[in-house]
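[1] could you look at this predicted model? Sequence included:
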Amino acid sequence: MPDNDRKTQAEPEQWLEEHGDALFKFAMLRVRDNHLAEDFVQETLIKGMKAFDKFRGDASVRTWLFQILRNEISSYYRSAKRSASKEVSASDSLDMGELLHPLVSNNDFQSIVERDEFWAVIQTCFEKIPDHLLDSFLARLANPDEKIDILCNQLGISASNFSVRLFRARLMLRKCLESNWFSS
């Protein structure tokens, strides 16, 4: 894509409006902290603007920004102490009952999520899932109403690869929870 076409399709001044919500949802699912997620999105947009002249247009601007965000979050977790920086609390709104079905009924699940230990186990399980699988899983969780082809485009993968990644991530999460939570 010629440089002028690329720049007219994706003006950095429009990125926050066009991509900010999706980037924020993704960051929230990874860090579970509003302020930290906002910081990651802001840093992503700043880095994107600074490096925009290097953007080749091989992928959409949104996909490129998501990759910058993933790198920002990965760098943060590599440098920060995991236990203090990635806590998930019971007030977070994951619909884990739907995710884990049929392991738990919805009635029983409400009492489980009230316990902080469960969220610590969830966080530990997320850390065990490879990044490429977790990215797909969290993208779907953050955008349940989004069409699959849009999510695939953002992640730069095919629909069949996306389905396989979701299946593997769910399977790994289920196995981890079975051995670390439901067996205790």
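    Looks like it came in fine.
[2] do a quick rundown of the helices in this protein.
    3-9, 15-31, 34-51, 61-79, 82-85, 96-100, 106-113, 116-128, 131-142, 148-155, 159-177 (DSSP state H).
[3] check what pLDDT the nearest residue to residue 16 once chain neighbours are set aside gets.
    Closest residue to residue 16 apart from its sequence neighbours, by C-beta to C-beta, 6 or more residues apart in numbering: residue 45 at 6.2 Å. For the C-beta atoms, the positions are set from N, CA and C on the backbone; glycine is no exception. Residue 45 carries a pLDDT score of 90 in this model.
[4] tell me the contacts of residue 45?
    Neighbouring residues of residue 45 by C-beta atoms under 8 Å, 6 or more residues apart in numbering: 12, 15, 16, 20, 23, 65.
[5] identify the farthest-apart pair in those residues.
    Pairwise distances across the contacts of residue 45 peak at 13.5 Å for 12 and 23 (criterion: C-beta to C-beta).
[6] out of these two, which sits in the more crowded spot?
    Using other C-beta atoms under 10 Å as the criterion, residue 12 and residue 23 rank with residue 23 on top: 26 against 15.
[7] pop the domain breakdown of this structure in here.
    1-82, 92-184 (automatic domain parsing).
[8] which stretch in these has the least confidence?
    Mean pLDDT, when computed for each of those, is lowest for domain 92-184, at a mean of 75.
[9] number of residues surrounding residue 150?
    13.
[10] for it, which non-adjacent residue is spatially closest?
    Per C-beta to C-beta, 6+ apart, closest to residue 150 is residue 143, 8.0 Å.
[11] same thing with residue 59?
    residue 156 (5.6 Å).
[12] surely the one you found touches residue 64?
    No. The pair residue 156 / residue 64 is not scored as a contact, 9.4 Å apart, by C-beta atoms under 8 Å.
[13] who has more neighbours, those two?
    residue 64 (22 against 14).
[14] next, give phi and psi for the nearest residue to that one once chain neighbours are set aside.
    Distances taken as C-beta to C-beta, 6+ apart place residue 55 nearest to residue 64, at 6.0 Å, with adjacent residues excluded. Phi and psi for residue 55, reported as degrees, to the nearest 10, are phi -70, psi 120.
[15] distance of residue 55 from residue 163?
    Using C-beta to C-beta, to the nearest Å, residue 55 is found at 29 Å from residue 163.
[16] between these two, who's got more neighbours?
    Using other C-beta under 10 Å as the criterion, residue 55 and residue 163 rank with residue 55 on top: 17 against 14.
[17] list the contacts of the residue nearest to residue 151 when sequence neighbours are not counted.
    Excluding the flanking residues, the one nearest residue 151 by C-beta to C-beta, 6+ apart is residue 139, at 5.2 Å. Residue 139 makes contacts with 26, 151, 154, 155, as judged by C-beta under 8 Å, 6+ apart.
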